[in-house]
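Novice: from the sequence below, what's the structure:
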Amino acid sequence: MLYKEIHIGQFIKDRVDELEISIDRVCSFLKKDEQAVEEIYKSESVSTEILLRCSKLLEYDFFRLYSSHLILYSPPSAVDKEKKPKSGKIPYFRKNIYTQEIKDFIIEKIQSGEMTHNEIISEYSIPKSTLHRWLQKI
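Specialist: Next up is the predicted model:
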């Protein structure tokens with residue numbers, strides 16, 4: 001799965017189809033009419049409230065798609081991690097969460113010869129030791 005371009009409405013529609021959930025149930029759960037639900041399916045982005053409701057209804061963490069995108073495509077932080085202020089107002093995450101899909105995606109790139117170890121490390125900012133640990137497990 002490629003996380004570079006995320007069309008969240010299409011992911012939601014695919015999951016609804018996969019679970020064979022009726023449009024009436026979706027409308028009822030989201031508190032929207034059928035036309036509004038169809039608009040959600042066509043949208044590249046939706047509000048977090050709608051996304052949370054969809055995640056609950058469809059029993060799938062759609063937010064993880066965005067987390068995966070951040071892990072793979074965000075530039076490394078320019079700020080020294082030890083100097084970051086830790087205000088207790090928002091949660092602070094010490095480590096990146098590498099899902100199995102991300103691991104499989106990276107390993108496939110290496111096994112297919114599409115990218116080298118060094119290209120993966122520089123392109124996606126994955127630590128060398130982490131990458132080698134993943135490769136040892138296959």
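Novice: what ranges in the protein fall below the confidence cut-off?
Specialist: 1-3, 75-87, 91-96 (pLDDT under 70).
Novice: 90 instead, please
Specialist: Residues of the chain meeting the criterion pLDDT under 90: 1-5, 64-105, 120-127, 129-130, 132-138.
Novice: for it, which segments count as helices?
Specialist: 8-19, 23-30, 34-42, 48-58, 63-73, 100-111, 117-124, 128-136 (DSSP state H).
Novice: any chance of these in TSV, with mean neighbour count and distance to residue 88 too?
Specialist: (Each C-beta comes from the backbone N, C-alpha and C, glycine too.) Listed next are those as TSV, based on neighbours: other CB atoms under 10 Å; distance: least, CB to CB, whole Å:
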stretch	mean neighbour count	distance to residue 88
helix 8-19	16	31
helix 23-30	14	33
helix 34-42	14	35
helix 48-58	16	22
helix 63-73	16	22
helix 100-111	15	29
helix 117-124	14	31
helix 128-136	13	29
